[in-house]
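Q: could you look at this predicted model? Sequence included:
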Number of protein chains: 2
Amino acid sequence: MGLLQESTNEGQFYRDEHLSLDFHQQVVVLDHERMTLTRKEYDLLALLVGHAGEIIPREALLLRVWGYGAEIRTRTLDVHIRRLRKKLGTYADQYIETIFGIGYRFQPFHAPRFAQPALERPVLAISA
Amino acid sequence: MGLLQESTNEGQFYRDEHLSLDFHQQVVVLDHERMTLTRKEYDLLALLVGHAGEIIPREALLLRVWGYGAEIRTRTLDVHIRRLRKKLGTYADQYIETIFGIGYRFQPFHAPRFAQPALERPVLAISA
DNA sequence: CCTGCTTTTACAAAGTTTTTACATGTCCGC
DNA sequence: GCGGACATGTAAAAACTTTGTAAAAGCAGG
């Protein structure tokens, strides 16, 4: 799966109702306003958004954004998640889910969510 | 991750009228609604469903989900079974059978059932 | 040295699992 | 049937683990 720098991408984009991300230019726009992110903040967000809909384990985030191995104990990931959420404003919890005991997941704005009634198709149809 | 490694279930599914389980994605859906399970709850359910129709002894469950040996006395298995049943709602007792003195068994929704234990109870008394 | 970014620290809060204590149920011999 | 022994059911508390947060400390580039 994609490493941090999706290098040879002739300008890939993520876009939904409120958020857009230009992986090539490394520009993030939230509700038509540019988000100013630090490097680590951007790297973290880009990794999450680049795998929208997938759960990414803490381990993987720490490895790919920080280069940390499993032996390192740190809370810096949590702190960065917090800063991202702050900058995402109202949509924060809608976009960045905590998967307890595992990691985090970025969800596109309209994605069906966990405890919500019935939108999720049985996963069976996905295969093939 | 959990110490439960049902490696032979990679990318497989269970499905019946009401319940489906994706062993790879670790997603369980009950009547088109996603069941949110904790890790231990999922591990336990997955082990039972993965052996649908078979009786699994308490010992085996405690060993495979908890890593406990026979010397450990605990009620945590019962508590987790209870939580699973609660989340399975109406179908709880249909799905998870208690096999007294032995363990538990997950039965697919339409599985033919015998009058409870009926292991070998010769119905001799009927003779006239 | 400043300054802004990053990491650590130290708790707080939230979530999960196990234990406890007792109720209820089942088996089995009488 | 009856009662004892033991297994399972259940609710609630306790123990433990993970994540959230604010503030301070550390650090690197200018």
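A: Great, that's in hand.
Q: okay, the spatially most central residue of chain A: pLDDT?
A: Nearest to the centroid of the C-alpha atoms of chain A, with distances taken as C-alpha atoms, centre = their mean, sits A:L48, at 2.2 Å. Predicted confidence (pLDDT) at A:L48: the value is 97.
Q: okay, now A:I56: neighbour count?
A: A:I56 is flanked by 20 other residues according to other C-beta atoms under 10 Å in any protein chain shown. To be clear about C-beta, it is placed using only N, CA and C from the backbone, and glycine gets the same treatment.
Q: verify the stated contact: A:Y14 with A:F23.
A: Yes - A:Y14 is within contact range of A:F23, at 7.3 Å (criterion: C-beta atoms under 8 Å).
Q: hey, what's in contact with both of these two?
A: A:G50 (C-beta atoms under 8 Å, 6 or more residues apart in numbering or on different chains).
Q: mind checking what secondary structure the residue nearest to A:T98 when sequence neighbours are not counted has?
A: Closest residue in space to A:T98, ignoring its immediate chain neighbours: A:Y104 at 6.0 Å, by C-beta to C-beta, 6 or more residues apart in numbering or on different chains. For A:Y104, the assignment made with DSSP: H, G, I helix; E, B strand; the rest coil gives strand.
Q: quick one: contacts for A:Y104?
A: So A:Y104 contacts A:L48, A:I55, A:I56, A:R58, A:L61, A:I81, A:I96, A:E97, A:T98 (C-beta under 8 Å, 6+ apart).
Q: ok, what's across the strand from it?
A: Note on A:Y104: beta-bridge partners A:I56, A:T98, judged by DSSP bridges.
Q: and the one residue in chain A that gets nearest to DNA strand C, backbone torsions?
A: Nearest to DNA strand C in chain A, going by C-beta to the nearest atom of the strand, is A:T38, at a distance of 2.8 Å. For A:T38, the backbone dihedrals are phi -80, psi 170 (criterion: degrees, to the nearest 10).
Q: and chain A, which residues reach DNA strand D?
A: Proximity of chain A to DNA strand D is confined to A:58, A:75, A:78-79, A:81-82, A:85, A:98-103 under the rule C-beta under 7 Å from any atom of the strand.
Q: how does it look with 6 Å?
A: Contacts of chain A with DNA strand D, taken as C-beta under 6 Å from any atom of the strand, map to A:R58, A:R75, A:D78, A:V79, A:I81, A:R82, A:R85, A:T98, A:F100, A:G101, A:I102.
Q: ok, now how distant is the second one from B:R64?
A: In this case it means A:R75. For A:R75, the distance to B:R64 under the criterion C-beta to C-beta, to the nearest Å works out to 33 Å.
Q: more neighbours: which of these two?
A: The residue with more neighbours, out of A:R75 and B:R64, is B:R64; 18 against 8, by other C-beta under 10 Å.
Q: can you pull the pLDDT of the more buried one?
A: 97.
Q: quick check: it is in a helix.
A: Yes - assessed with three-state DSSP, B:R64 lies in a helix.
Q: now it: how far from chain A?
A: The gap separating B:R64 from chain A is 19 Å, by C-beta to the nearest C-beta, to the nearest Å.
Q: so that residue makes contact with B:A46?
A: No - here B:R64 does not reach B:A46: they are 10.2 Å apart, not a contact under C-beta under 8 Å.
Q: give me the element A:R85 is part of.
A: helix A:76-88 (DSSP states H and E).
Q: now what about the following helix or strand past that helix, what contacts it?
A: The first helix or strand that comes after helix A:76-88 along the chain, using DSSP H and E, is helix A:92-95. Contact with helix A:92-95 is made by A:L19, A:L84, A:R85, A:K86, A:L88, A:F106, A:Q107, A:F109, as judged by C-beta under 8 Å, 6+ apart.
Q: please repeat the previous calculation with a cut-off of 7 Å.
A: Outside of helix A:92-95, the residues that reach it under the criterion C-beta atoms under 7 Å, 6 or more residues apart in numbering or on different chains are A:R85, A:L88, A:F106, A:Q107, A:F109.
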